[in-house]
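Colleague: Provided below for reference: sequence and predicted model.
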Amino acid sequence: MKYKCSICGYEYDEAKEGITFADLPEDWQCPWCKAPKSAFEPIEEAETVAPVQVSVSDISNEIPDESLQQLSIGQMAALCSNLARGCEKQYMTEEQNLFNELAEWFTSHSPKVEDATVEAITAHLQQDITNYPLLNQTCAAEADRGALRVLSWSEKATRMLSSLISRYQRESDALLADTEIWVCSVCGFVYIGKEAPELCPICKVPSWKFNKIEGRKQS
C-alpha cells in the first residue's frame, strides 16, 4: 500500500520500504518537507474521491458579500504582496515594484493584533483549512486553473504551518533550538532546518527563493 504526503506529494511505498506505514514511529517525518506522519493519506482513498459539481449560484448565499468587498488592512497587504509575486513570475518588474510598495504601506499601517496567541492562530488555521474545499469547488466550477493552482499551494502551506504549530505546542522552544526558519517567497511554505531546501516541496522554486526569518528568540 502507498501513502502520500498531503503537503509535498512524497509517496511512501510499503512494498519498497519493507515497513508498513502503521509500524513507522509516531515522530517519523516526511523525507522531503518534514511534515508529520499524520499529514499522509492512503493514495487509494485520495484517488477515489469523486469530484463535486458546484456552481457559483449554489454557494452564492453561503458567502457574505461583505467578505468579497471589504478587506482589512492586513488582507490588503497580503493581496498586494501576492499580486507582486504574480507580476514577478510574468517578468512585469514595474508592476511588481508598485504592488510591493502598496504591500509595504498596508503592512506599516496594520493595527496590532491583540489575540496573536498560539491558540488563536491554531483556530484561524483550522478555519482556513475548513474553507478550502468550498473555494476549490468554486474555482473548479469556473474552470479557473490559475486559481486552483494558487489554492492548492495555499492549502498545502497552511496545512504545513498548522502541523508546525502543533509541534510547537508539544515541544515548545526545543523545536527551534539550533535551527533556522525559512519561508518560500512564492507559495509561503514554512521550513525548519539549518539550510533552506534545495527545492520548495510545494511550488518547486530553488532555495534562493526562501527568506530566513530573523529576530526570533534564541535558545
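Modeller: Received the coordinates, thanks.
Colleague: got the domain ranges for this structure?
Modeller: Per the record, the chain has its domains at 1-50, 73-109, by automatic domain parsing.
Colleague: need these in a markdown table (columns: mean pLDDT and distance to Val190).
Modeller: The way it works is simple: take the backbone N, C-alpha and C, and place the C-beta from them, glycine included. Shown next, in a markdown table, are the domains of the chain (pLDDT from 0 to 100; distance: least, C-beta to C-beta, whole Å):
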| stretch | mean pLDDT | distance to Val190 |
| --- | --- | --- |
| domain 1-50 | 84 | 10 |
| domain 73-109 | 85 | 15 |
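Colleague: neighbours around Trp182, how many?
Modeller: 22 (other C-beta atoms under 10 Å).
Colleague: list the beta-bridge partners for it.
Modeller: Counting by DSSP bridges, Trp182 forms beta bridges with Tyr191, Lys212.
Colleague: just the pLDDT at it, thanks.
Modeller: Note on Trp182: pLDDT of 93.
Colleague: turn the domains of the chain into a markdown table, columns for mean neighbour count and distance to Lys212.
Modeller: Shown next, in a markdown table, are the domains of the chain (neighbours: other C-beta atoms under 10 Å; distance: least, C-beta to C-beta, whole Å):
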| stretch | mean neighbour count | distance to Lys212 |
| --- | --- | --- |
| domain 1-50 | 14 | 16 |
| domain 73-109 | 15 | 18 |
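Colleague: quick check: which of those is nearest to Asn136?
Modeller: Across those, Asn136 has its closest neighbour in domain 1-50 (11.7 Å, C-beta to C-beta).
Colleague: how far does the closest one sit from its chain's centre?
Modeller: From the chain centre to the centre of domain 1-50 is a distance of 18 Å (C-alpha atoms, centre = their mean, to the nearest Å).
Colleague: related to what we said a few turns ago, out of the domains of the chain, which comes closest to Ile121?
Modeller: domain 73-109 (13.5 Å).
Colleague: tell me the contacts of Met1?
Modeller: 14, 20-21, 42-44 (C-beta atoms under 8 Å, 6 or more residues apart in numbering).
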